[in-house]
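Asker: no sequence on this one, just coordinates:
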Ligand SMILES: Nc1ncnc2c1ncn2[C@@H]1O[C@H](COP(=O)(O)OP(=O)(O)OP(=O)(O)O)[C@@H](O)[C@H]1O
Ligand SMILES: [Zn+2]
């Protein structure tokens with residue numbers, strides 16, 4: 001029943017290839033849950049799901065596969081169990097693991113037709129991008145922040161990869177703004193979270209990522225001052241737990257430091273002078289305030305209320321640190337407390353300290369709720385954005401399954417423009433991208449016999465035609481170049497190179513330098529027969545020259561059966577488009593209709609059985 005409606009919507013051929021497909025979904029969070037449901041209901045045959053995390057209460061509002069009773073259980077396993085109920089014949093496999101683990105090697109990635117990324121961090125995204133490029137598996141990359149979403153199709157040598165464009169690093173603030181001259185609530189929050197809390201309870205050596213220690217020359221003086229101050233704070237830290245600790249900490253950061261800043265007249269020409277706070281006065285003002293005020297998280301507390309929470313949370317943190325220290329006597333590392341937006345004690349402390357600082361600098365005070373969002377860098381996750389993004393992932397993957405790379409897109413969800421869904425053609429790979437520019441080849445070795453020399457002479461020079469000038473790296477270490485030949489006689493296995501290891505060959509020949517080559521090592525299970533060489537190339541590959549070396553009279557030509565996506569092609573019209581195969585041509589001729597705004601829509605029609613009719617039109 002369900003199959004027949006899928007066939008009507010997608011066509012017989014596509015429905016069959018989805019049914020026979022094997023796909024990987026990385027991440028079972030906000031996008032992942034939606035995507036898994038879509039994949040199952042769209043008839044994908046075999047779906048592998050991986051997630052390293054367990055289910056948290058805060059996930060339940062949008063990760064709809066999860067219920068209260070699943071809290072603390074593996075996301076991947078629960079997602080599999082629940083999604084299985086949507087279609088009993090779907091073959092689902094779940095892993096409660098980190099996708100960056102070595103067990104998920106190139107050949108494992110290579111066993112999938114398509115990989116879907118539904119991750120929340122750059123490191124894991126980069127890793128999957130690299131593995132998919134090496135294994136030559138198409139990747140559908142996606143992400144959301146608030147109302148914005150993005151889906152990108154990545155395919156080796158044909159499209160941009162995840163790393164072809166530099167990624168934005170998280171926003172950072174100059175250290176002097178945080179230390180001396182805060183003008184916004186966030187400056188005070190970062191100070192409380194990344195300076196004061198670590199100085200008193202944490203690892204003060206920690207570099208706070210949101211504080212920029214490099215850019216500004218003023219930072220050097222500021223950092224020197226900080227060192228001096230670190231000593232002062234160390235003494236304060238030692239006083240933690242004593243009766244006077246409240247006043248000692250308070251007097252230093254809200255009185256003496258502020259008075260010192262008042263002395264820097266230049267700084268206050270354009271701004272009001274900061275006002276030191278008075279411990280005794282606030283003590284009096286807060287005398288009748290119950291510490292339960294800290295539960296009122298939507299209210300902006302008065303200075304007296306902040307003072308009361310400051311003292312109370314300082315006590316709570318002191319008590320916790322002491323407990324940890326007592327438990328940890330034998331351990332070498334002394335225990336520390338670090339900020340966590342969901343840890344009430346650290347959040348209370350950061351809120352109160354940030355607000356007291358804001359009060360001295362005439363900066364707006366914030367409620368605990370707001371501080372939590374700001375300190376946790378939280379942009380609320382929106383369930384509908386995730387759902388729409390997951391749907392767009394599936395639509396893009398359908399084009400990949402139809403080999404219709406030319407129409408795969410970069411799709412954006414946004415609320416600022418006239419249209420919520422916008423798309424752009426995919427760019428070709430960036431020739432300078434260090435991640436996707438290398439060529440890839442596989443080398444079979446006999447782990448008992450193969451030496452580095454076998455690899456360099458037998459494979460690189462004899463089989464691939466490299467000259468003398470090559471460098472070989474493995475795991476960021478140089479293991480060979482023309483001036484460093486010590487390892488030549490060593491066995492590859494003694495250099496730590498084993499099955500699935502990837503080594504990189506850098507051509508140092510000039511001119512006509514080749515792009516980097518990544519060699520995936522395949523260890524033979526059987527010992528080599530007498531006449532087989534200890535190291536051989538599995539398949540001859542062509543290694544292009546580095547872009548600046550490409551001669552203008554020999555431009556790279558897209559081949560007809562292997563369409564190379566270019567950024568401009570769609571807008572330039574069809575004259576220079578690669579030839580379409582007959583199925584594509586038919587589909588587009590009958591189905592590609594401009595919508596009323598002149599934007600091309602895709603129609604998925606069923607050309608297998610006209611009697612069944614039924615087509616869906618999707619405007620992407
Ligand atoms: N290296 C990794 N291996 C496997 N899964 C990962 C890895 N890194 C992140 N994930 C998973 O990717 C998912 C991303 O989902 P999402 O962005 O909704 O994050 P979340 O942690 O569920 O929610 P939030 O961060 O908003 O609290 C998470 O479930 C997370 O555990
Ligand atoms: Zn790239």
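Answerer: Arrived safely. Treat the numbers as computed from the prediction; the structure is a model and nothing was measured. Ligands and ions are numbered 1, 2, ... in the order given.

Asker: only C-alpha atoms from now on, for both contacts and neighbour counts.
Answerer: Fine.

Asker: which pLDDT value belongs to residue 309?
Answerer: Listed pLDDT for residue 309 reads 96.

Asker: and for residue 128?
Answerer: 97.

Asker: cool, and residue 573?
Answerer: Looking at residue 573, the pLDDT reads 28.

Asker: near ligand 2, which residues of the stretch 401-550 of the chain? Just list them.
Answerer: The interface of the stretch 401-550 of the chain toward ligand 2, taken as CA under 5 Å from the ion, is made up of 433, 436.

Asker: and the strands in the stretch 401-550 of the chain?
Answerer: Here the stretch 401-550 of the chain has its strands, by DSSP state E, counting those that start in this stretch, at 409-413, 421-425, 439-445, 470-474, 477-480, 502-507, 517-523, 535-537.

Asker: mean neighbour count added to those strands, as TSV?
Answerer: TSV is the format used below for the strands of the stretch 401-550 of the chain (neighbours: other CA atoms under 10 Å):
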stretch	mean neighbour count
strand 409-413	22
strand 421-425	17
strand 439-445	21
strand 470-474	18
strand 477-480	15
strand 502-507	21
strand 517-523	22
strand 535-537	23
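
Asker: can I get these in TSV including distance to residue 365 and mean pLDDT?
Answerer: Shown next, in TSV, are the strands of the stretch 401-550 of the chain (distance: least, CA to CA, whole Å; pLDDT from 0 to 100):
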stretch	distance to residue 365	mean pLDDT
strand 409-413	34	94
strand 421-425	38	93
strand 439-445	55	91
strand 470-474	53	92
strand 477-480	51	91
strand 502-507	53	90
strand 517-523	54	92
strand 535-537	66	92
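
Asker: make TSV out of those strands and add distance to ligand 1.
Answerer: As requested, the strands of the stretch 401-550 of the chain are arranged in TSV below (distance: least, CA to the nearest ligand atom, whole Å):
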stretch	distance to ligand 1
strand 409-413	16
strand 421-425	20
strand 439-445	24
strand 470-474	22
strand 477-480	24
strand 502-507	20
strand 517-523	22
strand 535-537	32
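
Asker: what's the closest of these to residue 132?
Answerer: The closest of the strands of the stretch 401-550 of the chain to residue 132 is strand 439-445. By CA to CA, the value is 11.8 Å.

Asker: helices or strands up against that closest one?
Answerer: Counting contacts by 3 or more CA pairs under 8 Å, 6 or more residues apart in numbering; DSSP states H and E, strand 439-445 packs against strand 517-523, strand 535-537.

Asker: picking that back up, got the strands of the stretch 401-550 of the chain as JSON lines, with distance to residue 25 columns?
Answerer: Shown next, in JSON lines, are the strands of the stretch 401-550 of the chain (distance: least, CA to CA, whole Å):
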{"stretch": "strand 409-413", "distance to residue 25": "19"}
{"stretch": "strand 421-425", "distance to residue 25": "23"}
{"stretch": "strand 439-445", "distance to residue 25": "24"}
{"stretch": "strand 470-474", "distance to residue 25": "29"}
{"stretch": "strand 477-480", "distance to residue 25": "32"}
{"stretch": "strand 502-507", "distance to residue 25": "24"}
{"stretch": "strand 517-523", "distance to residue 25": "24"}
{"stretch": "strand 535-537", "distance to residue 25": "32"}
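
Asker: which stretch among the ones you listed comes nearest residue 320?
Answerer: Closest approach to residue 320 among the strands of the stretch 401-550 of the chain (CA to CA): strand 477-480, 43.4 Å.

Asker: who does that closest one pair up with?
Answerer: strand 470-474 (antiparallel) (DSSP bridges).

Asker: ok now the partner strand, how far from the chain's centre?
Answerer: Counting by CA atoms, centre = their mean, to the nearest Å, strand 470-474 is centred 28 Å from the centre of its parent chain.

Asker: looking at the strands of the stretch 401-550 of the chain, which is nearest to residue 93?
Answerer: strand 517-523 (25.8 Å).

Asker: now do the contacts for residue 164.
Answerer: By CA atoms under 8 Å, 6 or more residues apart in numbering, the contact set of residue 164 is 429, 430, 432, 433, 435, 436.

Asker: so how far is residue 435 from the closest residue to the first one other than its chain neighbours?
Answerer: In this case it means residue 429. Nearest residue to residue 429 in three dimensions, chain neighbours excluded: residue 160, at 4.0 Å (CA to CA, 6 or more residues apart in numbering). Relative to residue 435, residue 160 is positioned 10 Å away (CA to CA, to the nearest Å).

Asker: so between these two, which is more surrounded?
Answerer: Legend: neighbour count by other CA atoms under 10 Å for residue 160 and residue 435, higher for residue 160 (25 against 18).

Asker: per-residue confidence averaged over stretch 60-74?
Answerer: The pLDDT scores in stretch 60-74 average 94.

Asker: buried ones in that stretch?
Answerer: Of the residues in stretch 60-74, 60, 62, 63, 64, 65, 66, 70, 71, 74 count as buried by neighbour count, 16 or more other CA atoms under 10 Å.

Asker: got it, and stretch 412-421?
Answerer: Within stretch 412-421, the residues scored as buried using 16+ other CA under 10 Å are 412, 413, 414, 421.

Asker: any idea which of those residues is closest to residue 495?
Answerer: Proximity of the buried residues of stretch 412-421 to residue 495 (CA to CA) peaks at residue 412, which lies at 45.7 Å.

Asker: contacting residues for that closest one?
Answerer: 148, 149, 150, 151, 420, 421, 422, 423.

Asker: that one bridge partners, please.
Answerer: Residues in a beta bridge with residue 412, per DSSP bridges, are residue 150, residue 422.

Asker: any quick PyMOL command for the buried ones out of the contacts of residue 164?
Answerer: Buried residues within the contacts of residue 164, by 16+ other CA under 10 Å, are selected in PyMOL with:
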select buried, resi 429+430+433+435+436
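
Asker: from the chain's centre, how far out does the helix or strand harbouring residue 108 sit?
Answerer: For residue 108, the enclosing helix or strand under DSSP states H and E is helix 106-110. Computed by CA atoms, centre = their mean, the chain-centroid distance of helix 106-110 equals 20 Å.

Asker: what does that helix contact?
Answerer: Residues from elsewhere that reach helix 106-110, judged by CA under 8 Å, 6+ apart: 131, 132, 134, 135, 136, 137, 500.

Asker: wait, is residue 100 part of a helix?
Answerer: No: assessed with DSSP: H, G, I helix; E, B strand; the rest coil, residue 100 is coil; it does not lie in a helix.

Asker: give the contact list for it.
Answerer: Counted by CA under 8 Å, 6+ apart, residue 100 has contacts 124, 127, 128.

Asker: would you list those residues in CSV and tack on secondary structure and neighbour count?
Answerer: Formatted as CSV, the contacts of residue 100 follow (DSSP: H, G, I helix; E, B strand; the rest coil; neighbours: other CA atoms under 10 Å):
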residue, secondary structure, neighbour count
124, helix, 17
127, helix, 14
128, helix, 23
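
Asker: and which of the residues you listed is nearest residue 312?
Answerer: Nearest to residue 312 out of the contacts of residue 100 is residue 124 (CA to CA; 39.3 Å).

Asker: how far away is the closest residue in space to the closest one that isn't next to it in sequence from ligand 2?
Answerer: Nearest residue to residue 124 in three dimensions, chain neighbours excluded: residue 100, at 6.8 Å (CA to CA, 6+ apart). According to CA to the ion, to the nearest Å, residue 100 and ligand 2 sit 19 Å apart.

Asker: how about residue 275?
Answerer: 52 Å.

Asker: count the neighbours of that residue for me.
Answerer: Residue 275 has 17 neighbouring residues, counting by other CA under 10 Å.

Asker: I'd say it and residue 361 touch.
Answerer: Yes: at 6.6 Å, residue 275 and residue 361 qualify as touching, with contact defined as CA atoms under 8 Å.

Asker: I am finished for the moment; much appreciated.
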